[in-house]
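Student: sequence first, predicted model second:
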Amino acid sequence: MTDPRELERLAIDAATRAGDHLRDHRPRRVEVVATKSSDVDIVTAMDRAAEEMIVEYLLAARPGDGVFGEEGHSRTSQSGITWVIDPIDGTVNYLYALDDYGVSIAAVEGDPDPLTWTPLAACVHNPPRRLSYHAAAGHGAFADDRPLRGPTSTGLSGALVATGFGYRAERRTRQAEIVTALLGEVRDIRRLGAASLDLCLVGDGRLDAYYERGLSPWDHAAGALIAREAGALVTGPDGGPADAEMTVAAGVPLHGELLARLAELDAFSGY
Ligand code: IPD
């Protein structure tokens, strides 16, 4: 049996090392080396370098583990543990020298599939603030050494709600309609640009809720465990695990209120 706290320590070390590199060696002009789902869905040379560093570090410590990384590293696990990695979550913020980006690393047990995996440990490191959000399953969540207390209780009308937008125009158009409807019903909306940090901020009680359609596994793997260990509820559309259809994070009962409103707005399919 692997102690989740050992995996948590490794995740913190790997994320901090990569984060130091991203912050301290950020070129004045960050080079976009590829695009993915659309012209604005970018990959920088720094995304690739950071993923390389993280994988090398983790596999040196645990050679039998698997890897599932946003920038293409993929390795089947022999130990049962797989590292789910987003080397820069919030790449567009990084490109524009905005501070809201994170190095997101989670250790999960089972196949690298959010519908079936069991998250064991996680770190989301925010290099500009030199801050690590981290958690081990069953052991709570922290911002560096400070325990996270989870979201405070509020109804939808008093809630500060974060969301995000995908990279394809058709998806964004529909996401804009949904957020337009919500805007008149909540305290306010935030779009920070890094899903992993949005989830940690819900765990930290600095956002009341977060929802987004279309996340990839590496966008939410670490942040979801951290938010959950802090006391938030994080689910997909039907109350099961968060997935590409929808990720909703909030305290109870706001989570149920938001999920029901999103269902009314037909937010779970078709875009
Ligand atoms: C993106 C960010 C963004 C979210 C997008 C993600 P990336 O991740 O988390 O906040 O709205 O859906 O794809 O591309 O910066 O790794």
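Tutor: That came through fine. Keep in mind that what you see is a predicted model, and the values were worked out from it rather than measured.

Student: what's the burial count for the residue in the stretch 1-150 of the chain that the ligand sits nearest to?
Tutor: Of all residues in the stretch 1-150 of the chain, residue 91 sits closest to the ligand, at 4.0 Å by Cβ to the nearest ligand atom. (Each C-beta comes from the backbone N, C-alpha and C, glycine too.) The number of residues packed near residue 91 is 22, by other Cβ atoms under 10 Å.

Student: give the closest residue to the residue of the stretch 151-271 of the chain found nearest the ligand in space, chain neighbours not counted.
Tutor: Nearest residue of the stretch 151-271 of the chain to the ligand (Cβ to the nearest ligand atom) works out as residue 164 at 2.4 Å. Sequence neighbours aside, residue 212 is the residue nearest to residue 164 in space, at 4.3 Å (criterion: Cβ to Cβ, 6 or more residues apart in numbering).

Student: same check on residue 112?
Tutor: Per Cβ to Cβ, 6+ apart, closest to residue 112 is residue 68, 4.0 Å.

Student: name the SS class of the one you found, please.
Tutor: Classification of residue 68 using DSSP: H, G, I helix; E, B strand; the rest coil returns strand.

Student: and the pLDDT for residue 269?
Tutor: Residue 269 carries a pLDDT value of 89.

Student: look up phi and psi at residue 35.
Tutor: phi -120, psi 160 (degrees, to the nearest 10).

Student: and what of residue 108?
Tutor: phi -120, psi 150.

Student: go on, residue 81?
Tutor: According to degrees, to the nearest 10, residue 81 has phi -100, psi 140.

Student: check the one 10 residues further on too.
Tutor: Comment: the main-chain dihedrals of residue 91 come out as phi -60, psi -40, following degrees, to the nearest 10.

Student: show the contacting residues for it.
Tutor: By Cβ atoms under 8 Å, 6 or more residues apart in numbering, the contact set of residue 91 is 42, 43, 44, 47, 101.

Student: hmm, back to that, and the residue nearest to residue 112, how far from residue 46?
Tutor: 20 Å (Cβ to Cβ, to the nearest Å).

Student: now do residue 37
Tutor: Residue 37 is 20 Å from residue 46, by Cβ to Cβ.

Student: neighbour count: the two, which is higher?
Tutor: Neighbour comparison, residue 37 and residue 46: the larger count goes to residue 46, with 22 against 12 (by other Cβ under 10 Å).

Student: mind listing what the nearest residue to the more buried one once chain neighbours are set aside touches?
Tutor: Using Cβ to Cβ, 6+ apart and skipping the chain neighbours, the partner closest in space to residue 46 is residue 22 (5.8 Å). Contact analysis of residue 22 by Cβ under 8 Å, 6+ apart lists 46, 50, 87, 88, 94, 101, 103, 127.

Student: state the pLDDT value of the residue of the stretch 151-271 of the chain closest to the ligand.
Tutor: Reported pLDDT for residue 164: 98.

Student: that one contacts residue 198, correct?
Tutor: Yes. The pair residue 164 / residue 198 is scored as a contact, 6.9 Å apart, by Cβ atoms under 8 Å.
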